[in-house]
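Student: Structure for the following, please:
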Amino acid sequence: MADAGYARISEPKTGEEFERYYDLRWKILRAPWNQPRRSERDNLEDESIHVMCSGNSGVLGVGRVHFNSADEAQIRYMAIDESQQGRGIGGRILLELERRAVERGAKYVILNSRESAVGFYRRHGYEVAGDAPAMFGIMHYRMIKNL
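Tutor: Alright, predicted model coming up:
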């Protein structure tokens, strides 16, 4: 599929864009565990920076960053359409979220990675800092990267 080559990174702006953004988050991060729609959202959505990667066939990947303190940003809800995984989209989204965090003064980023994604984050400069709470029976690890 050629979408990854034509993919563009942007912030969702319209209601329709946000619905497509949240739909991919739900489809990848919640639906496989029979979680209801809207479970892919939390109380920090309005104060977060949202990024999505879109191509000819729609939303290919999404991610979000918010601040826990003036120095600490946290990336959450990274989700890449299954047909697009391994094509560099996750890395592009991650770099964009980090860039936006640095612009706003972050000194480091934390995230909770599923066990299956630890290698991806390590390749992008993150280190495992310890265990994080499991979700849906999936082991998670707290990871950190100095910016």
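
Student: quick one, what contacts the residue nearest in space to the middle of the chain?
Tutor: Centre of the chain computed as the mean C-alpha position; nearest residue by Cα atoms, centre = their mean is Met78, 2.0 Å away. Residues in contact with Met78 (Cβ atoms under 8 Å, 6 or more residues apart in numbering) are Gly61, Val62, Gly63, Gly90, Ile93, Leu94, Leu111, Ala117. For glycine as for every other residue, the C-beta is placed from the backbone atoms N, C-alpha and C.

Student: Highest neighbour count among these?
Tutor: Across the contacts of Met78, neighbour numbers were computed from other Cβ atoms under 10 Å; Gly61 holds the maximum, 29 neighbours.

Student: Of all pairs in the contacts of Met78, which one is the farthest apart?
Tutor: Using Cβ to Cβ, the two most remote members of these are Gly61 and Leu111, lying 15.2 Å apart.

Student: Run a quick check on Arg64 versus His50, I expect a contact.
Tutor: Yes: the criterion here is Cβ atoms under 8 Å, and Arg64 meets it with His50 at 5.2 Å.

Student: Now for this protein, the helix or strand with the poorest mean pLDDT.
Tutor: Among the secondary structure pieces of the chain, namely its helices and strands, helix 3-6 has the lowest mean (mean pLDDT, DSSP states H and E), a mean of 56.

Student: Run me through the strand neighbours of the helix or strand just after it, direction for each.
Tutor: Sequence order places strand 8-10 as the next helix or strand after helix 3-6, per DSSP states H and E. Strand 8-10 has the following strand partners under DSSP bridges: strand 49-55 (antiparallel).

Student: Residues contacting the partner strand, please?
Tutor: By Cβ under 8 Å, 6+ apart, the surrounding residues in contact with strand 49-55 are 3-4, 6-12, 17-18, 20-21, 24, 59-66, 84, 89, 92-93, 96-97, 100-101, 104.
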